[in-house]
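Peer 1: pasting a predicted model and its sequence here:
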Amino acid sequence: MRIQHKFRNMYNGLCRFLYGFCGVDEIKRHTQVVYEMRAKLVEKLFQITHGQELFDLYSKGQFQPRKQLRFEVNLTDHCNLNCIGCMHFSPIAPKYFINIERFKLDCECLSKLSGGKCDQIQLMGGEPLLHPSLDTICVIVRNCFPQGKIQIVTYGVLLLQEPSSFWEILHNYHIEIIISSYPVGVNYTEIKKIAEAMKVKLILRGNANNRKQFKTPLDLEGKQNKTKSFYKCHRPNNCPNLRNGKVFPCPIVAYIDIFNDYFKKNLKVSRHDYINIYKIKSMDQISSFLCKPIPFCRYCNNDANEYDIDFSISKKEISEWI
């Protein structure tokens with residue numbers, strides 16, 4: 001028990017370090033090392049306890065149920081960059097724009113459950129700036145969630161084409177922009193000038209000159225231990241995805257239908273892999289659900305994670321995901 005307690009403390013310390021401070025740019029540059037250390041600790045703890053105590057760890061560190069709502073949502077599935085191995089499967093996705101009326105209903109439902117409060121909502125893709133009604137979507141989200149952080153996550157190339165009315169909406173409705181930096185010739189200096197002039201918060205993430213990709217290989221046969229896979233993953237409780245009235249723990253399971261359709265595979269999603277927001281009565285049900293392994297975790301081979309893949313454009317080959 002003393003050894004188990006030791007590893008629990010080390011594990012929780014790493015979780016607090018990574019997830020408590022991951023917004024700080026200096027620390028984010030070292031997340032690869034922390035991911036690897038954390039995965040090794042989970043492996044050791046799993047061996048010592050035979051998985052019995054791993055489930056209890058969700059009450060601390062990364063796996064503590066959140067008090068406020070957090071989710072990501074694809075405004076588009078397709079993208080005009082198409083990074084290799086994108087875990088939203090954008091390079092192989094057909095053109096798709098989120099239905100505004102359906103999305104509004106989803107936001108209104110979640111607003112009632114959360115009391116209009118959110119920790120963080122990220123409008124993503126694909127490339128969210130491709131959506132022709134992004135302005136309207138921003139207004140909908142802020143009206144449903146008067147309190148909390150709302151961010152557009154983009155790689156930025158289309159920002160210089162946006163009219164001043166777009167920037168005014170971001171300013172008036174307190175919407176932030178996060179730019180994921182890639183070596184594709186985006187004029188970040190000019191974008192910063194516009195954001196500063198329009199008083200819109202702009203966050204640059206990553207190093208465009210040394211962009212690295214992260215990969216979690218998919219096990220097409222689903223033979224991974226779902227519990228161990230869950231606890232070795234950095235996504236649980238950090239990037240739940242809202243899609244058509246359902247909240248999924250991560251983008252992989254939320255958008256696996258894109259992978260299945262393109263490569264003619266059958267990685268199965270069951271009703272236990274998501275929570276239907278129209279069939280629950282409280283935020284606590286969402287928070288608790290997101291802290292536990294789901295059946296789909298058996299398809300993620302976190303033992304074979306790759307952390308240092310050079311950026312390139314996808315060739316739409318299945319090897320990018322397995």
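Peer 2: Arrived safely, thanks for sending.
Peer 1: my read: residue 192 touches residue 202, true?
Peer 2: Yes - assessed by CB atoms under 8 Å, residue 192 is found in contact with residue 202 at 6.2 Å. All C-beta atoms are positioned from the backbone trio N, CA, C, and that covers glycine.
Peer 1: higher neighbour count, these two?
Peer 2: residue 202 (18 against 13; other CB atoms under 10 Å).
Peer 1: what sits closest to that one if chain neighbours are left out?
Peer 2: Nearest residue to residue 202, sequence neighbours excluded (CB to CB, 6 or more residues apart in numbering): residue 195, at 3.9 Å.
Peer 1: can you tell me the SS state at the one you found?
Peer 2: helix (DSSP: H, G, I helix; E, B strand; the rest coil).
Peer 1: got it, and residue 119?
Peer 2: With three-state DSSP as the basis, residue 119 sits in strand.
Peer 1: domains in this structure, as residue ranges please.
Peer 2: 2-59, 66-320 (automatic domain parsing).
Peer 1: let me see the mean pLDDT of the last one.
Peer 2: So the one you mean is domain 66-320. What domain 66-320 shows for mean pLDDT is 95.
Peer 1: for residue 167, give me its contacts.
Peer 2: Counting by CB atoms under 8 Å, 6 or more residues apart in numbering, residue 167 makes contact with 194-195, 198, 200.
Peer 1: quick check: phi and psi at it.
Peer 2: phi -70, psi -30 (degrees, to the nearest 10).
Peer 1: for residue 139, same thing?
Peer 2: According to degrees, to the nearest 10, residue 139 has phi -70, psi -40.
Peer 1: which residues sit in contact with the closest residue to it other than its chain neighbours?
Peer 2: Of all residues not flanking residue 139 in the chain, residue 173 sits nearest, at 6.2 Å (CB to CB, 6+ apart). By CB under 8 Å, 6+ apart, the contact list for residue 173 reads 138-139, 142, 150.
Peer 1: how near is residue 173 to residue 97?
Peer 2: Applying CB to CB, to the nearest Å, the value for residue 173 to residue 97 is 20 Å.
Peer 1: now residue 213
Peer 2: If you go by CB to CB, the gap between residue 213 and residue 97 works out to 26 Å.
Peer 1: and for residue 174?
Peer 2: 24 Å.
Peer 1: and the two? Which one has more around it.
Peer 2: Applying other CB under 10 Å to residue 174 and residue 97 shows that residue 97 carries more neighbours, namely 17 against 14.
Peer 1: what's the more buried one sitting at in phi/psi?
Peer 2: Per-residue torsions, residue 97: phi -120, psi 130 (degrees, to the nearest 10).
Peer 1: quick check: closest non-adjacent residue to residue 104.
Peer 2: residue 140 (5.1 Å).
Peer 1: wait, that neighbour sits on residue 100?
Peer 2: Yes - the pair residue 140 and residue 100 passes the contact test of CB under 8 Å, sitting 7.3 Å apart.
Peer 1: who's more crowded, the two?
Peer 2: Ranked by neighbour count (other CB under 10 Å), residue 140 and residue 100 place residue 140 first, with 19 against 15.
Peer 1: can you tell me how far the more buried one is from residue 96?
Peer 2: 18 Å.
Peer 1: same question, residue 277
Peer 2: 20 Å.
Peer 1: higher neighbour count, those two?
Peer 2: Neighbour count, other CB under 10 Å: between residue 277 and residue 96, residue 277 has more, with 21 against 18.
Peer 1: check contacts around that one.
Peer 2: The neighbours of residue 277, taking CB under 8 Å, 6+ apart as the test, are 106, 109-110, 113, 242, 245-247, 286.
Peer 1: could you redo the last one with a cut-off of 7 Å?
Peer 2: Counting by CB atoms under 7 Å, 6 or more residues apart in numbering, residue 277 makes contact with 106, 109-110, 245-247.
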